[in-house]
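Asks: model the following, please.
(chains A and B)
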Amino acid sequence: MGNPVNDIVELDARRLLCPMPVIRLQDCIKQLPADARVRITCTDPGTLHDIPTWCRLNGHRVLTTTEQQDDYIFLVHKDADGS
Amino acid sequence: MSKKAVALISGGLDSMLAAKLIQQQGIEVVGINFFTGFCVEGHTHAIRNRTGTRPKRNNALWVAEQLGIKLHIIDVVEEYKNVVINPRHGYGANLNPCLDCKIFMIHKAHDWIAQHGFDFIITGEVNGQRPKSQLRRFMPLVAEESGALDLLVRPLCAKNLLPTRPEREGWVDREQLRDFSGRSRKPQMALAAEFGFEDYAQPAGGCCFLTDRSYSVKLQDLWDNRGRREYELDDIMLLKVGRHIRPSRDFKLIIAREEGETRYLSGYRRQFQTIKTVSHGGPLALIEGAQLDQQQLELACAITARFSQGRDAESVEMEFSDHQQATHSVHVKPLRADQINPEWVIL
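Replies: Residues are numbered from 1 along each chain as shown, chains lettered A, B, ... in the order given. This next block holds a predicted model:
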């Protein structure tokens, strides 16, 4: 079984429109320990704004943002004091 | 001990001001926002062509950032179905169950404060601002039926209402709350200026597709043709997209209006029969209904071709893909505008 702190949890939020990708990320992060990382793949360009904003509000960090064709891929780190 | 409040944040100005009025009294405020599936927020913008426009922000997140508060976005799509399908207090001008919606959301917020150790609830309601759901006589009903009772504070119009428990017990200073009423937005705009808020979503209230006549007509058509009042999230998302044309009870076409909608609809190709224009530039169309017979297929293609760049051609080649993704070509003469029966168009 993988270690959720070392492994990257993958989330597919393609085709979902905001705020659903944010909700998926929020609900996933809630289940993970501090320092876990989540890679979420989205297609709604609104996520370019909404995911970093949600992370800032809730005390998490977007480590990288990558655009690949129509996909927006965010690597998010769950900080200890976030929720 | 300091008290904590949860604010219902819609993304509009009123909920932003209400939260700020409580926050400035030194009370910790956290926001919650409910996703029903009918929210206008961002969806149509995201579906439409992305070129040349800045991605639209989610206003609830933006408001939370301006206030410096955490925001929890809660998916209530499944639970909300009963509100839309069986509203105890009926609908507004369209299929908008505003009073039941308000009761539902405050009930959910009340559950949330119980689970998370918060003390009371804030909303941006202003008595007399909306027909029905914000009429002064319905405000006690909302507090009662939601179960929130006097833990529900409406900071913008609190002075027009009986004091709530947070006011009576001195958790909040009633004197600092407001007495706004009616449909005028001037008091809110003045308060926004006082707080230094220069950028906010306007107008408040246009945040739900169910208040839109055209959307409600499409939802009613969906229920009528299925013979039952039910929906899934994909159904209500697709009602926001494209031209909806129903040439018969057996099938409906959802025809993209531009490239962004074509891209969005193409995500549904595995779930629907589809038509696309091959010989000319043109939209993708989803076909909602049973397998089409040859005559229906030709009609569906001719309608779709009407909205292609080949609309004036003698013959346009279309590609039909069935439920199993098997494809074949269909050559049709596009319908003229006057051949599309206005009764087919759902709007």
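Asks: quick one: contacts of whatever helix or strand residue A:63 lives in?
Replies: Residue A:63 is part of strand A:61-68, with elements assigned from DSSP states H and E. Contacting residues not belonging to strand A:61-68 are listed as A:37, A:48, A:51-52, A:55, A:72-77, A:79 [Cβ atoms under 8 Å, 6 or more residues apart in numbering or on different chains]. C-beta: built from backbone N, CA, C; applies to glycine.
Asks: centre of the chain to it, how far?
Replies: Put simply, strand A:61-68 sits 9 Å off its chain's centre (Cα atoms, centre = their mean, to the nearest Å).
Asks: name the strands paired with that strand and say parallel or antiparallel.
Replies: Strand A:61-68 has the following strand partners under DSSP bridges: strand A:71-77 (antiparallel).
Asks: which parts of the strand it pairs with are buried?
Replies: By neighbour count with 16 or more other Cβ atoms under 10 Å in any protein chain shown, strand A:71-77 contains the buried residues A:72, A:74, A:76-77.
Asks: looking at those, which is nearest residue B:109?
Replies: When the buried residues of strand A:71-77 are compared for distance to residue B:109 (Cβ to Cβ), residue A:76 wins out at 26.9 Å.
Asks: run a quick neighbour tally on the nearest residue to that closest one once chain neighbours are set aside.
Replies: The shortest distance from residue A:76 to any non-neighbouring residue, by Cβ to Cβ, 6 or more residues apart in numbering or on different chains, is to residue A:38 (4.8 Å). Other residues within reach of residue A:38, judged by other Cβ atoms under 10 Å in any protein chain shown, total 20.
Asks: helix or strand: which one has residue A:38?
Replies: Taking DSSP H and E as the criterion, residue A:38 maps to strand A:37-42.
Asks: how about the following helix or strand past that strand, does it reach chain B?
Replies: As assigned by DSSP H and E, the chain's next helix or strand after strand A:37-42 is helix A:47-58. Yes - Helix A:47-58 is in contact with chain B by Cβ under 8 Å from any Cβ of the partner chain, via A:48-50, A:53-54, A:56-58.
Asks: list the contacts of residue B:337.
Replies: Residues in contact with residue B:337 (Cβ under 8 Å, 6+ apart) are residue B:306.
Asks: for it, phi and psi?
Replies: phi -60, psi -40 (degrees, to the nearest 10).
Asks: residues touching residue B:157, list them.
Replies: By Cβ under 8 Å, 6+ apart, the neighbours of residue B:157 are B:125-127, B:178-181.
Asks: how about residue B:124?
Replies: For residue B:124, the contacting residues are B:8, B:10, B:12-19, B:154-156, B:204, by Cβ under 8 Å, 6+ apart.
Asks: now it, what are its backbone angles?
Replies: Phi and psi for residue B:124, reported as degrees, to the nearest 10, are phi -90, psi 20.
Asks: if we only consider the buried residues of strand A:71-77, which is nearest to chain B?
Replies: Each of those was scored against chain B by Cβ to the nearest Cβ, and residue A:72 proved nearest at 9.7 Å.
Asks: correct me if wrong: the closest one contacts residue A:45.
Replies: Yes - the criterion here is Cβ atoms under 8 Å, and residue A:72 meets it with residue A:45 at 7.0 Å.
Asks: wait, residue A:70 touches residue B:263, no?
Replies: Yes - with contact defined as Cβ under 8 Å, residue A:70 counts as touching residue B:263 (7.4 Å).
Asks: who has more neighbours, those two?
Replies: The neighbour comparison of residue A:70 against residue B:263 (other Cβ under 10 Å) goes to residue B:263, with 17 against 11.
Asks: where's that one, which helix or strand?
Replies: If you go by DSSP H and E, residue B:263 is part of helix B:259-266.
Asks: CA atoms only: put that helix into CSV for me.
Replies: The C-alpha coordinates for helix B:259-266 follow below in CSV (Å, rounded to 0.1, in the frame of the first residue of the first chain):
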residue,chain,number,x,y,z
GLU,B,259,-16.2,26.3,-30.7
GLY,B,260,-16.1,26.3,-26.9
GLU,B,261,-19.5,24.6,-26.7
THR,B,262,-18.4,22.0,-29.4
ARG,B,263,-15.4,21.2,-27.2
TYR,B,264,-17.5,20.9,-24.1
LEU,B,265,-20.2,18.7,-25.9
SER,B,266,-17.5,16.5,-27.3
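Asks: list the buried residues in it.
Replies: For helix B:259-266, by 16+ other Cβ under 10 Å, it's B:260-265.
Asks: so, low pLDDT: which residues of the chain?
Replies: Looking at chain A here, since you left the chain open. For chain A, the stretches flagged by pLDDT under 70 are A:1-5, A:81-83.
Asks: that's the wrong chain, I meant chain B
Replies: In the predicted model, chain B carries pLDDT under 70 at residues B:1, B:41-56, B:131-134, B:202-206.
Asks: quick one: the helices in it?
Replies: Secondary structure of chain B (DSSP state H): helices at B:13-23, B:43-47, B:59-67, B:77-85, B:98-116, B:139-146, B:165-168, B:186-195, B:213-226, B:233-238, B:259-266, B:294-306.
Asks: next, the distance between the ends of stretch B:6-13.
Replies: Start-to-end span of stretch B:6-13 (Cα to Cα, to the nearest Å) is 17 Å.
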